[in-house]
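Undergrad: Here's my sequence, what's the structure:
(one chain, ligands or ions: 3)
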Amino acid sequence: MSSVYASSHPIVHQKLAALRGVATRPPEFRALVRSLALLLGQEATADLPTREVSVRTPLGPARSFVLADVVGIVPVLRAGLGMADGLIELLPEAEVWHIGLYRDEATLRPMEYYNKLPARPRLTVALVVDPMLATGGSAVRTCEILKAAGVPRLKLISLIAAPEGIARMAQAMPDVPIHVGAVDDRLTDVAFIYPGLGDAGDRQFGTTPDRHES
Ligand SMILES: O=P(O)(O)OC[C@H]1O[C@H](OP(=O)(O)OP(=O)(O)O)[C@H](O)[C@@H]1O
Ligand SMILES: O=c1cc[nH]c(=O)[nH]1
Ligand SMILES: [Mg+2]
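TA: Ligands and ions are numbered 1, 2, ... in the order given. Prediction:
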């Protein structure tokens, strides 16, 4: 069973409220996605191991700690891109691996169109970022790609999840913890998260929805 961590941080809740609002335009929407990713990223990385180093301050040596992992940030295109910006601010040294897939709205299956993974992966932990965990098909496929590439530890960070997507991840990827801003009620009959926020990609990038959301 995957561990699900739904944020209880009041600032996360406040920003999610603004994000969901139907009147929130792309510039504000993008800023909110970025800062929510940073806040959730901080929660998701709280258990990463550290190693001790000695740092020389102007007064003398200080016992200090740095991340022991080689961390990767993996945005699922396209909606994950805005979250990657927030994570990069938190982890400027992280490698960024792009995986392009979209959900075929007729079959609901993830359709892969791009992935840019290094030939010799060094990552010891990957933070997968995608704002919406709906049926879970896209998240499961992304985790499969990363596991096949040899990444030993994965974490998923999403802004809003449906119970159906969490159940799918729990069944297919029980070792991948899920960090979310909120768990919503259900999926609609066209597999949108209800009440959700609509299409996270279209709302970030100002594109016209090509389907009905309810
Ligand atoms: O859990 P699922 O049912 O797979 O749905 C979630 C996926 O749908 C959205 O992407 P979308 O297909 O809209 O692509 P986009 O980011 O290019 O808009 C979202 O960003 C996830 O990747
Ligand atoms: O609610 C949803 C479901 C899939 N993709 C989105 O962007 N929103
Ligand atoms: Mg989309």
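
Undergrad: Tell me where the longest helix sits in the chain.
TA: For the chain, the longest helix by residue count, based on DSSP state H, is helix 26-44.

Undergrad: List the neighbouring strands of the helix or strand just after that helix plus their orientation.
TA: Sequence-wise, the next helix or strand downstream of helix 26-44 (DSSP states H and E) is strand 50-56. The sheet places strand 50-56 alongside strand 61-67 (antiparallel), with pairing taken from DSSP bridges.

Undergrad: If you count neighbours, what's buried in the strand it pairs with?
TA: Neighbour-count burial for strand 61-67, counted by 16 or more other C-beta atoms under 10 Å, picks out residue 67. For the C-beta atoms, the positions are set from N, CA and C on the backbone; glycine is no exception.

Undergrad: If you count contacts, what does the helix or strand that that strand is followed by end up packed against?
TA: As assigned by DSSP H and E, the chain's next helix or strand after strand 61-67 is strand 71-77. For strand 71-77, the elements it packs on are helix 80-90, strand 95-96, strand 98-103, strand 125-129, helix 137-148, judged by 3 or more C-beta pairs under 8 Å, 6 or more residues apart in numbering; DSSP states H and E.

Undergrad: what distance separates strand 71-77 from the centre of its chain?
TA: Between the centre of strand 71-77 and the centre of its host chain there is 8 Å, according to C-alpha atoms, centre = their mean, to the nearest Å.

Undergrad: Thanks again, I'm all set now.
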